[in-house]
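> need a structure here:
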Amino acid sequence: MAGYIVTDIEITDPEEYQKYAQQTAATLEPYSGKFLVRGGQPETIEGTWTTKRIVIIEFPSVEQARAWYDSPEYSAIKGIRHRSATSSMLLVHGV
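The predicted structure is shown next:
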């Protein structure tokens, strides 16, 4: 079953965030992760969800998604995201 990381991001320091964005793809490769959505132009069509940026990453399994999130490669850069953006992140089980 596929696993998805869904992140709602508001960038507060674009220059610093760019450092994170440039390094993220390389951390996905060992876990077979791939971006499905990276930024986009979110448009709320129901409810009150307001967001500036959405990122959706697909992994072959929930276990690989969790392994990526906990990996030394990603751990080394996620602090950049924490300093340069306000974000919420979900791990979602696919069907």
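
> please name every helix or strand in contact with the one helix or strand residue 82 maps to.
Element membership for residue 82 (DSSP states H and E) is helix 72-84. Packed against helix 72-84, as judged by 3 or more Cβ pairs under 8 Å, 6 or more residues apart in numbering; DSSP states H and E, are the following elements: helix 14-28. Any C-beta I mention is one placed from the backbone N, CA and C, and that applies to glycine too.

> and the helix it packs on, what's its mean pLDDT?
Per-residue pLDDT over helix 14-28 has a mean of 97.

> dump it to PDB, keeping only the CA atoms.
What follows is helix 14-28, C-alpha atoms only, in PDB (Å, rounded to 0.1, in the frame of the first residue of the first chain):
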ATOM      1  CA  PRO A  14      12.100  32.300   1.000                       C
ATOM      2  CA  GLU A  15      15.900  32.500   0.800                       C
ATOM      3  CA  GLU A  16      16.400  30.100   3.600                       C
ATOM      4  CA  TYR A  17      13.600  27.800   2.400                       C
ATOM      5  CA  GLN A  18      15.200  27.600  -1.000                       C
ATOM      6  CA  LYS A  19      18.200  25.800   0.600                       C
ATOM      7  CA  TYR A  20      15.800  23.200   2.000                       C
ATOM      8  CA  ALA A  21      13.900  22.800  -1.300                       C
ATOM      9  CA  GLN A  22      17.200  22.300  -3.300                       C
ATOM     10  CA  GLN A  23      18.200  19.400  -1.000                       C
ATOM     11  CA  THR A  24      14.900  17.600  -0.500                       C
ATOM     12  CA  ALA A  25      14.700  15.600  -3.800                       C
ATOM     13  CA  ALA A  26      18.100  13.900  -3.200                       C
ATOM     14  CA  THR A  27      16.800  12.600   0.200                       C
ATOM     15  CA  LEU A  28      13.800  11.000  -1.400                       C
END
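
> got any ranges where this protein has weak pLDDT?
Residue ranges of the chain with pLDDT under 70: none are present.

> against residue 93, how distant is the closest residue to residue 83 other than its chain neighbours?
Closest residue in space to residue 83, ignoring its immediate chain neighbours: residue 16 at 6.1 Å, by Cβ to Cβ, 6 or more residues apart in numbering. Distance of residue 16 to residue 93, given as Cβ to Cβ, to the nearest Å: 32 Å.
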